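> Got a predicted structure here, sequence first:
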Amino acid sequence: MFDLAHLPNGAPNEKAVVLLRRHWFTMLSLALSFAFVLLLPPAIYIGLLLIVPDFFSDSVRVTLLVLGGSIFFLFAWLFLYQSYIDYYLDVWIVTNRRILSMEQHGLFSRTVSELRLHRVQDVTAEVHGFWRTMFDFGDLYIQTAGEKERFIFEEIPHPNAVAKTILDLAEEQRKAHLEEAVEEFGMPDGKKQAASST
């Protein structure tokens, strides 16, 4: 895991402004599905007892049923663990200088992308559907001038507020970069600039 005080490739005076993960509601459907899957074996057991009462009299059948149930539960827990790891390790961090996107793909694959705030051209927040509107979560698309055209923050809480924060930080960074360029290249003052334009 990472420490916000020690961001990857951190710059001096860089501070984390926003830390984002997917909204908790996105895990609710997974939790309900998992609960349903866990209730299937006991339901099958009870159904077999009611329909075929002498089904469990054969020790071979019982052994195969226990083995099959164990394999079923093992894969169910593995699926839940992998889904939770994917949810927990998908992180988007907005600092006062850049945007970091850390996305987990399966158990052993991870993608980390970085975007400087002064490159941000447009930020679009999308909230579609009843549940997303009720719980205020959605997708955030960040348009840049670089090679990677769009950064996508998926199913994050309060996407409109995050979009405004990113746009404000991007504007501050653009102003800072402009001032640095003026100082570095020694742009002429206002009088000389006016004279050169005529």
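Looks like it came in fine. Fair warning: this is a prediction, and the values are worked out from it, not measured in the lab. Numbering: from 1, shown residues only.

> Enumerate every residue touching the residue sitting nearest the centre point of the chain.
Against the mean C-alpha coordinate of the chain, by C-alpha atoms, centre = their mean, the closest residue is D90 at 4.0 Å. With contact taken as C-beta atoms under 8 Å, 6 or more residues apart in numbering, D90 is in contact with 21-22, 102-104, 154. Placement of C-beta: from N, CA and C, glycine included.

> Kindly state the pLDDT recorded for I156?
pLDDT recorded at I156 is 95.

> Now for the nearest residue to it once chain neighbours are set aside, how many residues are close by?
Excluding the flanking residues, the one nearest I156 by C-beta to C-beta, 6 or more residues apart in numbering is L20, at 4.7 Å. L20 has 20 neighbours, counted by other C-beta atoms under 10 Å.

> what's the answer for V94, then?
Counted with other C-beta under 10 Å, residues neighbouring V94 total 22.

> Am I right that it falls within a strand?
Yes. Under DSSP: H, G, I helix; E, B strand; the rest coil, V94 sits within a strand.

> Report the beta-bridge partner residues of it.
Taking DSSP bridges as the rule, V94 bridges to V18, I99.

> Roughly how far does it sit from T63?
Distance of V94 to T63, given as C-beta to C-beta, to the nearest Å: 55 Å.

> And for G10?
Where T63 is concerned, G10 sits at a distance of 57 Å (C-beta to C-beta).

> now for the longest helix anywhere in the chain, which elements pack on it?
Using DSSP state H, we find that the single longest helix of the chain is helix 59-89. Counting contacts by 3 or more C-beta pairs under 8 Å, 6 or more residues apart in numbering; DSSP states H and E, helix 59-89 packs against helix 25-51, strand 98-104.
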